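**Student:** Give me a model of this one.
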Amino acid sequence: MSFKAERFKRLKGQDFSGKTIAQSKQLFKDVLEDGIYGLCFSAYEEGQEPGVILSAEQVRRRLSIIAPHIKAVRSFSCIEGNELIPRIAKEEFGLKTMVGAWLGTDKDLIENEIEGLITLAQDGCVDIAAVGNEVLYRGDLSLDELLGYIARVKEALPDVTVGYVDAYYEFSVHPQLVEACDVVLANCYPFWEGCHIDYSLMHAQQMYFQAMAASQGKPIIITETGWPSQGESLGDAHPSWENALRYFLNMQKWTLENDIPIYYFSSFDESWKVGAEGDVGAFWGLWDKAEQLKF
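**Tutor:** A predicted model of the protein is given here:
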């Protein structure tokens, strides 16, 4: 094999097409048993969606499923029972926490989220405070409004690492975001850019390195990445059990070898996300909606 062909093979990552289903499942089991860095977490059960008040029991049960396999967990909100996630994760399972305040268009809810995040951090439940998730991508707030909320949290929490989560390219477009944050929190999704699975690892790496180029030397964390196991294709990106497994294994191998913190999306399938993201929205979990491992 030529040097160029060998390099291309490496960049594509592992190809599992020659393995049996049993062999592929064993690879996944080995990775999970060895432990991964982190997962994006949802406590919403089938039939629930944001707006439902989460109970401590369901948060605890779902965390107990994933906790043996991770070092850190990421949550997305600080109200409606989501504030229980970092408390239970930290106090009962000893996990590191990235805690998000969800910033949308409702200013009253934003106030509740910000105050909830500050309270959790002051109580010692927050390792990284994420002030907003894809706010600029959705167009929910202006850049100046967002920077104001980040500054407010930083002032209230001088001893806590504070950042903002968005698509990797937003940090290139808005250097003010990087200046305002302690850490760059980048979402990297080859799937949502219509990338074929053969090139997905390369594209994810490019996304990461673009965020690094914009980071002004600050730490970078991949806060979301994943691949759906079912649903409609997007361009050359095709959801399938095999592709979801391949992407997971390749991303875990690359980030582990390069000491890159990564919060994989996601813990459990979420049926409520069908409306927001199309039918693929319901199938990003490592566990299905019945809390059974997919792979």
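
**Student:** Does L27 lie in a helix or a strand, and which?
**Tutor:** helix 21-34 (DSSP states H and E).

**Student:** I'd like the average pLDDT over that helix.
**Tutor:** For helix 21-34, mean pLDDT is 93.

**Student:** May I have the helix or strand containing E113 as PDB, with CA atoms only?
**Tutor:** E113 is located in helix 107-122, with elements delineated by DSSP H and E. The C-alpha coordinates for helix 107-122 follow below in PDB (Å, rounded to 0.1, in the frame of the first residue of the first chain):
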ATOM      1  CA  LYS A 107     -36.200  36.600  29.200                       C
ATOM      2  CA  ASP A 108     -38.000  35.500  32.400                       C
ATOM      3  CA  LEU A 109     -36.900  31.900  31.900                       C
ATOM      4  CA  ILE A 110     -33.400  33.100  31.200                       C
ATOM      5  CA  GLU A 111     -33.300  34.800  34.500                       C
ATOM      6  CA  ASN A 112     -34.400  31.600  36.200                       C
ATOM      7  CA  GLU A 113     -31.700  29.700  34.300                       C
ATOM      8  CA  ILE A 114     -28.900  32.100  35.200                       C
ATOM      9  CA  GLU A 115     -29.800  32.200  38.800                       C
ATOM     10  CA  GLY A 116     -30.100  28.500  38.900                       C
ATOM     11  CA  LEU A 117     -26.700  28.000  37.400                       C
ATOM     12  CA  ILE A 118     -25.100  30.500  39.800                       C
ATOM     13  CA  THR A 119     -26.700  28.700  42.800                       C
ATOM     14  CA  LEU A 120     -25.600  25.300  41.700                       C
ATOM     15  CA  ALA A 121     -22.000  26.600  41.200                       C
ATOM     16  CA  GLN A 122     -22.000  28.300  44.600                       C
END
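
**Student:** I'd like to know which elements that helix is packed against.
**Tutor:** Using 3 or more Cβ pairs under 8 Å, 6 or more residues apart in numbering; DSSP states H and E as the contact criterion, the elements in contact with helix 107-122 are strand 96-101, strand 128-133, helix 143-156. Where C-beta positions appear, they are placed from N, C-alpha and C, glycine not excepted.

**Student:** hmm, back to that, could you identify the helix or strand that succeeds the helix holding L27?
**Tutor:** Stepping forward along the backbone from helix 21-34, the first helix or strand reached (DSSP H and E) is strand 36-40.

**Student:** List the contacts of the helix or strand just after that next one.
**Tutor:** For strand 36-40, the succeeding helix or strand toward the C-terminus, using DSSP H and E, is helix 56-66. Surrounding helix 56-66, the residues in contact under the criterion Cβ atoms under 8 Å, 6 or more residues apart in numbering are 39, 41-43, 45, 73, 81, 84-85, 88-89, 92-93, 95, 267-268, 287, 291.

**Student:** Do me a favour and average the pLDDT over stretch 157-166.
**Tutor:** Model confidence over stretch 157-166, given as mean pLDDT, is 98.

**Student:** Please point out which parts of stretch 286-295 sit buried.
**Tutor:** Judged by neighbour count (16 or more other Cβ atoms under 10 Å), stretch 286-295 contains these buried residues: L286, W287, K289, E291, K294, F295.

**Student:** For the fifth one, list the residues it contacts.
**Tutor:** Residues counted as contacts of K294 (Cβ under 8 Å, 6+ apart) are S229, W241, A244, G285, L286, W287, D288.
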